[in-house]
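S.K.: this is a predicted model, with the sequence first.
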Amino acid sequence: MKKLVLCTLFVMQVFFAFAQTLTGVTGKVVDSKTNKALQNVVVSILNSPMTTLTDNTGKFSFNDLPAGSLTLKIQTQGYEDQLIQVDVVSGQMLDLGNIVASEDITQEQQLSLITITENDLGDDNSGSESTSGLLQASRDTYQQAAAFNWGQARFKIRGLDNEYGNTMINGVMMNKLYDGRPQWSNWGGLNDATRNQEFTLGSSPSDYTFGNILGSQEINTRASIYRKGSRVSFSGTNTNYSWRAMGTHASGMNTNGWAFVVSASRRWAQEGYFEGTDYGANSIFASVEKKINEKHSLNFTSIYAQNRRGKVSPNTQEVIDLKGEEYNSYWGWQDGKKRNSRVKSIEEPLNMLSHYWKISDKTNLNTNVAFQTGSIGNSRLTFQLANNPDPTYYKNLPSYYLNSLDYYVPALDGSGNPILDQDGNPTYNNPTATNVRNAFLADGQIDWNAMYKANLSPNQNGKSVYALYEDRTDDKQWTANSILNSSITDNITLNAGINFRKLKSRNYAKMLDLLGGEYFSDVNVFYQGDAAQSDLNHPNRAIKVGDAFSYDYNLHATTFDGFTQFKFNYKKVDFYLGQTFSRSEYRREGLYKNGIYASNSYGYSDKIIFENFGFKGGLTYKITGRQMLDFNGAYLTKAPYLKNVFTNARLNNNVSPGLSSETIMSVDASYIIKTPKFKSRLTGYFSKILNSARLAYFYGEGLFEEDPDANTSEDSFVSEIITGINKKNMGVEFGFEYQITSTIKATGAATYSQSIYDNNPRLRINDDAQASATNTNPLTDFGYAYWKNYRVAGAPQQAYSFGLEYRDPKFWWIGANVNYLADTYRDISGVLRTNNFTVVTPGGTETYDGLTEGVLRNALKQEKFDPITLVNLVGGKSWKIKNDTFGFFASVNNVFDVKYKTGGFEQSRKATYPEYATDNANGTPSFGPKYFQGFGRTFFVNVYLNF
């Protein structure tokens, strides 16, 4: 009996020992320099829903795994992603030992990227908006190239503007309701504080939003997720600013459940890369979290980023040829210093309270309330009955005189006899053009002293004829949202969210400087009687510094949207389905009773309401553990933004005609390879955007027939409303990364795309001069703008990159990449492509003399910029000093100082062919296209200490 019991116990011991032998994998993640354990590192099994986090000792484990080959993905903020191939044996727990995590060098590159995203993007019709700021969180090789290598040429991924991507902080939407674009300067200079980011490309699923067809960027500022420690850095560059100092400290979560993060920076320059572009910015960040219990936490985030920078002018080719690529017409000397007349000032602090509720182990709810207020100002000069102070005003340039026969005189020899050409014909000189050219070359800047002198003239009696003001926007916006994440089963996840935003946006002209005078008259000198008054409720005002004048109105917007998204994860197939609904309500509130629109400028407009929806879905098919096919599709509608709702919001309540929601369709398909040494993605995409709108303001000649009785003239300052614009984008993307050896890595990226206008939209002109008591909506229908098959402008549509990087085991590295960018086009005018440009009388068929088909095609041919090749160098070194890290990063972009245009636009002033032909008579038009220049050779150096 005793032997039987002993045998039974022995068998049971063996049985239990075998039963407790797990099939799985375990390991420990440590820092490559300090060998410290890394907590909260995300460890996942590729192409499966299985994910875990490392504990406070850096350890992780997966149990109950099927035997066979699989790939582990190691990922955490500030370190390079790793893919580790493992072979799981049944009945064995594979211990990988220490897994060394290496510093992610692209984190340092992001410091230099901000100099691109904060440039004059979207300012003054630049059309040169880059998507590089949206992409900096991505680890995808192609998207990294788009951000760091092609961003300097204003590359747009998939030909899309930032308004087609969602940028969020803690799930709170940061895209402006006015134009749909994020204001990067609202958190500029806070790179350390905003490094915790998640990025999705295209319409692929996000846990925080339904999204759009460009992608989404989520910036997480929850204090407890920041790695404990401090960092100080100092940078020098020759781009927008010259110097930058920054410091950040994260406490980590203490035993009392408190965590906090603080960060601050200053950036400044007396002059940036372009002439007269001064820069000053101060940024402060704070995030505090209190862990109430295991289920509830509160987090408060506050961001203050003040930014003031001088702008750079777009210039015609004539001006570039005379003064060079770095010339800027916006500045002039005053008291021995360069003073810029066009300054952009941004100060919009953001405060956000977040509640994190762990409802259960499988369900989490995040609720946020945010309030943002502040101002954006864009300064410029104004004048009344005085000479235009712009040094590039057309009468200050030689082309105006060269294109007019009135300024040519016979050329005479020393004896006063006519000089003849070889055919015996008299020759002519243009001394006025020569004198103007010499004067422009000798100076060519704003004359501040002359404006002060004019204002201080005794004849003015204190009235300023010149003044400096800013177009000012003061916003107050409340945002509230809730985001739910729930694992319904092991294979099904639900994401859902609701968002509410309420905006009050005051827009007005604010007087900044009377330039020596005592007051400025608030009247429109081009009109008589009541029409000259900006506010009939307070006529003939004498404007002092700080006063509002000219226009003053509020824009009100209230929006609501909600979404649900289901993600299904299985062994061979993952797929998702999402849907959204939104409602947008807009209204204008006029604070002035404008003399031109006395009956429809003061008070509230009608409410304009748009209701929209969207659906999207996608599928990932896992061919093997290393290869997959990915498909995504989306169909949605989107309300127009506030900037396009009113024909001339500064003066009246009139709503843009033909305005409707955009319809957006997108599909893409990808083949993806992920192995420990080689990663690649090949994608084809197609998208259509229907019924978009564009609003522009300009002074046009030849727009209307002269009719004194009807108060109309051929020339007028107008607003141009183009509606029903259809755009089509298609192309292929390819990116790869290959670890040639343990120290050498090759990367490559390429895209070939086509972004075109797909129809002929409708164009209407609003001319305030035609307004009257019986005509309160002075619109003229110019018919169709013939845009079909023209290219969408402002970004390269071909881009190629190849780079090599060497990373030494002793913690220094160097890299180089070469980039070829082509098919960048100049933006096209709308009115030049209507029948108004070609026919003698509206509605007629008779064309202007000399206008043949060949001449017309040449005049309206869209300019394609020359392709460019840019070479960039990057490198860095870091040292371990006890438990601290000291390092530096340096980059040189555009090593060979290539000069290139990043964008440009046609001027619409010469609105008929005879006007256009006269302006081009000498080959150098006075109102030729204007261009934006890219940076030449630039550098960025950053030194830092982590402790």
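M.R.: Looks like it arrived, so ask away.

S.K.: ends of stretch 508-519, how far apart?
M.R.: 18 Å (Cα to Cα, to the nearest Å).

S.K.: ok, residues contacting it?
M.R.: Stretch 508-519 is contacted by residues 377, 379, 448, 451-452, 455-456, 460, 462-472, 520, 542-553, 591 when judged by Cβ atoms under 8 Å, 6 or more residues apart in numbering. All C-beta spots, glycine's among them, are computed from the backbone N, C-alpha and C.

S.K.: Ala223 reaches Val261, doesn't it?
M.R.: Yes. Counting by Cβ atoms under 8 Å, Ala223 touches Val261, with 5.0 Å between them.

S.K.: what do the two both touch?
M.R.: Common contacts of Ala223 and Val261 (Cβ under 8 Å, 6+ apart): Ala250, Ser251, Ser287.

S.K.: just the buried residues out of the contacts of stretch 508-519, in ChimeraX syntax.
M.R.: Buried members of these, defined by 16 or more other Cβ atoms under 10 Å, are picked up in ChimeraX with:
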select :377,379,448,451,452,455,463,464,465,466,467,468,469,470,471,472,520,543,547,548,549,550,551,552,553,591
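
S.K.: just the contacts of stretch 508-519: which are in strands?
M.R.: 377, 379, 466-472, 520, 542-543, 548-553 (DSSP state E).

S.K.: and the helices in this protein, which stretches?
M.R.: Listed in chain order, the helices of the chain (DSSP state H) span 2-19, 106-117, 132-135, 141-144, 317-323, 398-402, 431-442, 448-455, 853-860, 913-919.

S.K.: quick one: mean pLDDT over the third one.
M.R.: Helix 132-135 carries an average pLDDT of 50.

S.K.: then the first one?
M.R.: Averaging pLDDT along helix 2-19 yields 43.

S.K.: do the fifth one as well
M.R.: Across helix 317-323, the average pLDDT comes to 97.

S.K.: identify each buried residue in that helix, please.
M.R.: Gln317, Glu318, Val319, Ile320, Leu322, Lys323.

S.K.: the last one reaches Ala442, doesn't it?
M.R.: No. Lys323 is not in contact with Ala442 according to Cβ under 8 Å; the separation is 11.1 Å.

S.K.: and the nearest residue to Asp278 once chain neighbours are set aside, what are its bridge partners?
M.R.: Excluding the flanking residues, the one nearest Asp278 by Cβ to Cβ, 6 or more residues apart in numbering is Gly310, at 4.7 Å. Following DSSP bridges, Gly310 is listed with bridge partners Val343.

S.K.: residue contacts, Thr885?
M.R.: Each residue near Thr885 by Cβ under 8 Å, 6+ apart is listed here: Lys33, Thr34, Ser878, Trp879, Leu945, Asn946, Phe947.

S.K.: if we only consider the residues you listed, which is nearest to Asn600?
M.R.: If you rank the contacts of Thr885 by distance to Asn600 using Cβ to Cβ, Asn946 comes first, at 60.5 Å.

S.K.: is it correct that that closest one is in contact with Gly229?
M.R.: Yes. Contact criterion Cβ under 8 Å: Asn946 and Gly229 qualify, at 6.2 Å.

S.K.: between those two, which one's more packed in?
M.R.: Counted by other Cβ atoms under 10 Å, Asn946 and Gly229 do not tie: Asn946 has more neighbours, with 21 against 15.

S.K.: could you find the closest non-adjacent residue to that one?
M.R.: Thr885 (4.3 Å).

S.K.: can you tell me how far the one you found sits from Glu103?
M.R.: Separation of Thr885 from Glu103 (Cβ to Cβ, to the nearest Å) stands at 8 Å.

S.K.: ditto for Asn417
M.R.: Separation of Asn417 from Glu103 (Cβ to Cβ): 80 Å.

S.K.: same check on Asn63?
M.R.: For Asn63, the distance to Glu103 equals 31 Å [Cβ to Cβ].

S.K.: the more surrounded of these two?
M.R.: Between Asn63 and Glu103, counted using other Cβ under 10 Å, the more crowded position is Glu103 (21 against 10).

S.K.: who's in contact with the closest residue to that one other than its chain neighbours?
M.R.: Nearest residue to Glu103 in three dimensions, chain neighbours excluded: Tyr79, at 6.3 Å (Cβ to Cβ, 6+ apart). Each residue near Tyr79 by Cβ under 8 Å, 6+ apart is listed here: Leu38, Val41, Ala101, Ser102, Glu103, Asp104.

S.K.: what's near enough to touch the nearest residue to the fourth one once chain neighbours are set aside?
M.R.: Taking Cβ to Cβ, 6+ apart, and ignoring the residues beside it in sequence, Ser102 has Ser32 as its nearest neighbour in space, at 4.7 Å. Applying Cβ under 8 Å, 6+ apart, we find Ser32 in contact with Val100, Ala101, Ser102, Glu103, Phe811.

S.K.: which phi and psi does the last one have?
M.R.: As for Phe811, its main-chain torsions (degrees, to the nearest 10) stand at phi 70, psi 40.

S.K.: that one touches Gly875, doesn't it?
M.R.: No. At 12.0 Å, Phe811 does not count as touching Gly875 under the criterion of Cβ under 8 Å.

S.K.: which neighbours do those two share?
M.R.: If you check Phe811 and Gly875 against Cβ under 8 Å, 6+ apart, no residue is contacted by both.

S.K.: show me the beta-bridge partners of Ala264.
M.R.: In this structure, Ala264 bridges to Gly247, Ile284 when assessed by DSSP bridges.

S.K.: so what's it scoring on pLDDT?
M.R.: For Ala264, the predicted pLDDT is 98.

S.K.: Ser204 too?
M.R.: pLDDT recorded at Ser204 is 95.

S.K.: show me the contacts for it.
M.R.: Here Ser204 is in contact with Gly211, Gly215, Gly618, Asp630, Asn632 (Cβ under 8 Å, 6+ apart).

S.K.: burial of the second one, as a residue count?
M.R.: In other words, Gly215. Gly215, neighbours per other Cβ under 10 Å, totals 26.

S.K.: cool, the third one as well?
M.R.: Neighbour count for Gly618, taken as other Cβ under 10 Å: 22.

S.K.: ok, what's across the strand from the residue nearest to it when sequence neighbours are not counted?
M.R.: Spatial nearest neighbour of Gly618, chain neighbours left out: Asn632 (3.9 Å); criterion: Cβ to Cβ, 6+ apart. As for beta bridges, Asn632 partners with Gly618, Asp668 under DSSP bridges.

S.K.: so Asn632 touches Gly202, yeah?
M.R.: Yes. Counting by Cβ under 8 Å, Asn632 does reach Gly202; the two are 5.6 Å apart.

S.K.: so the two - more neighbours on which side?
M.R.: Gly202 (28 against 24).

S.K.: and the more buried one, what is it in contact with?
M.R.: Arg158, Ile213, Leu214, Gly215, Asn632, Ser666, Asp668, Tyr685.

S.K.: pipe these into a markdown table and attach distance to Asn364 per row.
M.R.: Listed next are the contacts of Gly202 as a markdown table, based on distance: Cβ to Cβ, whole Å:
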| residue | distance to Asn364 |
| --- | --- |
| Arg158 | 32 |
| Ile213 | 27 |
| Leu214 | 27 |
| Gly215 | 23 |
| Asn632 | 25 |
| Ser666 | 29 |
| Asp668 | 30 |
| Tyr685 | 32 |
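
S.K.: which one of those is nearest Arg339?
M.R.: Leu214 (38.5 Å).

S.K.: the closest residue to the closest one other than its chain neighbours bridge partners, please.
M.R.: Leaving aside its chain neighbours, Leu214 sits nearest to Gly165 (3.5 Å; criterion: Cβ to Cβ, 6+ apart). When bridges are called by DSSP bridges, Gly165 pairs up with Gly215.

S.K.: before we move on, what about Arg339?
M.R.: With DSSP bridges as the rule, Arg339 is bridged to Gly332.
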